[in-house]
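Q: any chance you can model this:
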Amino acid sequence: LEAVQNRLATITALKYIDEDWGQMDSYSPNPPAQFPCALIDITSLNFSNIGKDNTANPPNRQLGEGTVTFIIANLKLTNTSHRAPQSQKDNAWTIWTIIDDLHKTIHGWKPIDASGALMRTNFKRIRRDDGIQEYQITYSIGFGNV
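A: Model prediction:
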């Protein structure tokens with residue numbers, strides 16, 4: 001997670017990058033994050049046994065496959081109406097630029113030597129009633145000899 005956080009730090013539009021510990025679960029007027037933000041979590045890991053290597057520690061070898069989920073959120077204070085001033089629309093569309101930058105930064109990148117590349121598998125909108133735009137993007141990743 002730390003390698004992913006450091007990689008996302010290159011996206012200058014993000015004001016807050018952290019492990020997802022439920023910051024967006026609170027519908028309080030002041031969620032514990034700055035906007036726009038990226039929250040990162042390893043949401044699942046499955047392991048399979050591939051044999052034994054008595055020279056390794058631990059000797060039982062495994063392959064791991066899992067998912068890393070990103071929450072991208074922004075407090076939307078302006079509208080994107082066709083008749084809105086262009087500066088308001090530009091600000092309101094910011095989240096889509098961040099999502100594109102996230103994909104360009106993460107997709108195909110290997111966070112550690114023992115991993116495969118992160119590959120996007122899912123994208124969905126999280127509906128909220130508090131003015132926060134929230135999207136969940138999932139990437140798959142594999143690990144060898146873990």
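Q: how about the helices in the chain?
A: 2-8, 86-92, 94-106 (DSSP state H).
Q: so which of those helices is nearest Gly144?
A: helix 2-8 (16.5 Å; Cβ to Cβ). (Each C-beta comes from the backbone N, C-alpha and C, glycine too.)
Q: ok, the residue of the chain positioned farthest from its centre - contacts?
A: Of all residues in the chain, Asn54 has its C-alpha farthest from the mean position, at 36.7 Å, by Cα atoms, centre = their mean. Applying Cβ atoms under 8 Å, 6 or more residues apart in numbering to Asn54 gives no contacts.
Q: again, but for Gln88
A: Thr78, Asn79, Thr80 are the contacts of Gln88 under Cβ under 8 Å, 6+ apart.
Q: just Lys15 next, same as before
A: Gln34, Phe35, Pro36, Cys37.
Q: which of those residues fall in strands?
A: Per DSSP state E, strands hold the following members of the contacts of Lys15: Cys37.
Q: and which of the contacts of Lys15 is nearest Gly116?
A: The closest of the contacts of Lys15, once distances to Gly116 are taken by Cβ to Cβ, is Cys37, at 26.6 Å.
Q: among the helices of the chain, which gets the worst mean confidence?
A: Lowest mean pLDDT of those: helix 86-92, a mean of 72.
Q: alpha carbons only: can I get it in PDB?
A: Extracted C-alpha coordinates of helix 86-92, given in PDB (Å, rounded to 0.1, in the frame of the first residue of the first chain):
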ATOM      1  CA  GLN A  86     -16.900  27.500 -18.200                       C
ATOM      2  CA  SER A  87     -14.700  28.000 -15.100                       C
ATOM      3  CA  GLN A  88     -17.400  26.300 -13.000                       C
ATOM      4  CA  LYS A  89     -17.700  23.400 -15.400                       C
ATOM      5  CA  ASP A  90     -13.900  22.900 -15.600                       C
ATOM      6  CA  ASN A  91     -13.800  22.700 -11.800                       C
ATOM      7  CA  ALA A  92     -16.800  20.300 -11.700                       C
END
